[in-house]
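Participant: Predicted structure and sequence below. I'll ask about it afterward.
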Amino acid sequence: MPEEDYMNVAQLAFFRRHLMAERAELEAHLQEVKATIASHERDADEADQASFEEELRLSLRQADRESRLIQNIDAALKRIESGDYGYCEETGEPIGIPRLLYRPTARLCIEAKEREERKEHHFRKARGE
């Protein structure tokens, strides 16, 4: 595609719809988790209670990830509105349609993301993690 067609009106509308649909799915799942937690009654059977608590722990971890993803989706929607969507925050270069299709919340191009990950790995290694 010609460079001037990158992030045209149709592409931005596609990604806006895609992000909004993903956000709605995540919100629905978070509501399900909240409803499950609210409706649970303590079980007299310790094994059942332990099983529920383990499921709850996993659900809460998933809910935490989904909450963070909703924040990333909101940030991506703001970038669409401001005209910055699809461009690397570090280099200003296009992120690319294939990467955005895979991860529509991407804010860095592949090269910048790899640099960021190498830097994080280096710091973790230096701290002894």
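Facilitator: The structure has been received and is ready for your questions. Predicted, not measured: the structure shown is a model, and the values here were computed from it.

Participant: State the distance from residue 124 to residue 117.
Facilitator: For residue 124, the distance to residue 117 (Cβ to Cβ, to the nearest Å) stands at 10 Å. The way it works is simple: take the backbone N, C-alpha and C, and place the C-beta from them, glycine included.

Participant: Also residue 61?
Facilitator: To residue 117, residue 61 is 22 Å away according to Cβ to Cβ.

Participant: same thing with residue 85?
Facilitator: 22 Å.

Participant: more crowded one of these two?
Facilitator: Comparing residue 85 with residue 117 by other Cβ atoms under 10 Å, the one with more neighbours is residue 85, at 24 against 11.

Participant: I figured residue 29 hits residue 66, correct?
Facilitator: Yes: the criterion here is Cβ atoms under 8 Å, and residue 29 meets it with residue 66 at 6.3 Å.

Participant: Looking at these two, which is more packed in?
Facilitator: Between residue 29 and residue 66, counted using other Cβ under 10 Å, the more crowded position is residue 66 (17 against 14).

Participant: Show me the helices in the protein, by range?
Facilitator: Taking DSSP state H as the test, the helices found in the chain are 9-39, 46-82, 97-102, 110-127.
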